[in-house]
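Peer 1: Here's my sequence, what's the structure:
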Amino acid sequence: MSETAETRAEDPAGTGAGKISVRDLTIRYGDKVALSGASFDVYENEIFGIIGPAGSGKTSFLRALNRMSDMTPNMVIEGDIAIDGRPVRSWRNVYALRRRIGVVFPLPVGLPMTIYDNVALSPRLRGIKSKAKLDEIVERCLSRAALWDEVKDRLGSLGSLLSGGQQQRLTIARALSQDPEILLLDEFSIAVDPVTTMRIEDVLKELRSEMTIVLVTNLVQQARRLADRTAFFLTGELVEVADTEDLFTGNSKDPRTRDYVEGRFG
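Peer 2: Now for the predicted structure:
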């Protein structure tokens with residue numbers, strides 16, 4: 001293990017500064033607790049995996065991080081989440097916060113517009129009007145999402161006409177067009193074939209040098225392939241955070257983690 005990875009693994013509660021700092025985070029939906037008292041850090045330019053069975057609080061954490069909780073009346077957030085030391089709840093302009101955070105959901109969410117316009121929408125909203133500049137952004141983002149070669153001759157076609165795997169990569173390209181500092185992926189491969197999944201995983205490995213990536217996945221081997229460190233959530237509890245290889249080589253601190261990654265439950 002590298003010195004940096006070793007240092008991070010020894011600091012699972014997040015006492016050092018992170019790109020994302022989570023302190024005593026509790027998430028409730030009415031009387032139901034989705035996540036209780038979680039504290040950890042996500043470091044800059046790492047892929048941070050979150051694994052655990054359904055209903056463990058993984059997606060709720062992403063919703064809280066991106067302030068999607070604002071649109072859920074019965075979702076209550078206690079504790080703190082900060083990006084670069086600034087609490088996400090301190091942002092008066094939530095859209096300015098979300099411009100820093102790209103999100104890819106489990107199922108492709110294609111906008112009812114052309115492939116080109118799907119990717120150009122966010123830059124246009126930021127005030128970019130130059131056709132040449134938009135062309136450059138669209139090509140760059142589609143290329144980074146491993147989709148450019150497949151669609152470059154039909155950019156004027158509806159994005160909804162693409163295959164499921166292509167639509168998911170279009171969603172990634174659209175998220176990248178925001179120039180995000182953080183990319184959140186929530187079960188991105190749930191509706192994608194294995195070949196496309198591997199292509200997207202290769203893209204994520206390349207993007208790690210440019211942004212911080214939080215990967216929620218029910219596929220523990222996907223976390224092992226991609227994540228630098230991994231958190232294990234179980235029924236609303238953060239069980240542990242550790243270097244990913246430690247979790248998969250029997251060096252986890254909690255036997256529940258070993259049982260989960262070895263397929264004994266979940």
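
Peer 1: Low-confidence regions, this structure specifically.
Peer 2: Applying pLDDT under 70 to the chain flags the ranges 1-17, 110, 266.

Peer 1: how about the most centrally placed residue in it, what does it touch?
Peer 2: What sits nearest the mean C-alpha location of the chain, by Cα atoms, centre = their mean, is residue 184, with 1.8 Å. Contact analysis of residue 184 by Cβ atoms under 8 Å, 6 or more residues apart in numbering lists 62, 65-66, 101-104, 213-214, 216. All C-beta atoms are positioned from the backbone trio N, CA, C, and that covers glycine.

Peer 1: okay, now the residue nearest to residue 75 when sequence neighbours are not counted: neighbour count?
Peer 2: Once flanking residues are discounted, residue 75 sits nearest to residue 69: 4.4 Å by Cβ to Cβ, 6 or more residues apart in numbering. When neighbours are defined as other Cβ atoms under 10 Å, residue 69 has 19 of them.

Peer 1: Residue 74 too?
Peer 2: 10.

Peer 1: now it: how far from residue 65?
Peer 2: 18 Å (Cβ to Cβ, to the nearest Å).

Peer 1: Check residue 161 too.
Peer 2: From residue 161 over to residue 65 (counting by Cβ to Cβ), the distance is 32 Å.

Peer 1: Looking at the two, which is more packed in?
Peer 2: residue 65 (22 against 12).

Peer 1: In this structure the more buried one contacts residue 77, no?
Peer 2: No - using Cβ atoms under 8 Å, residue 65 makes no contact with residue 77, being 10.1 Å away.

Peer 1: intersection of neighbour lists for these two?
Peer 2: Joint contacts of residue 65 and residue 77 (Cβ under 8 Å, 6+ apart) do not exist.
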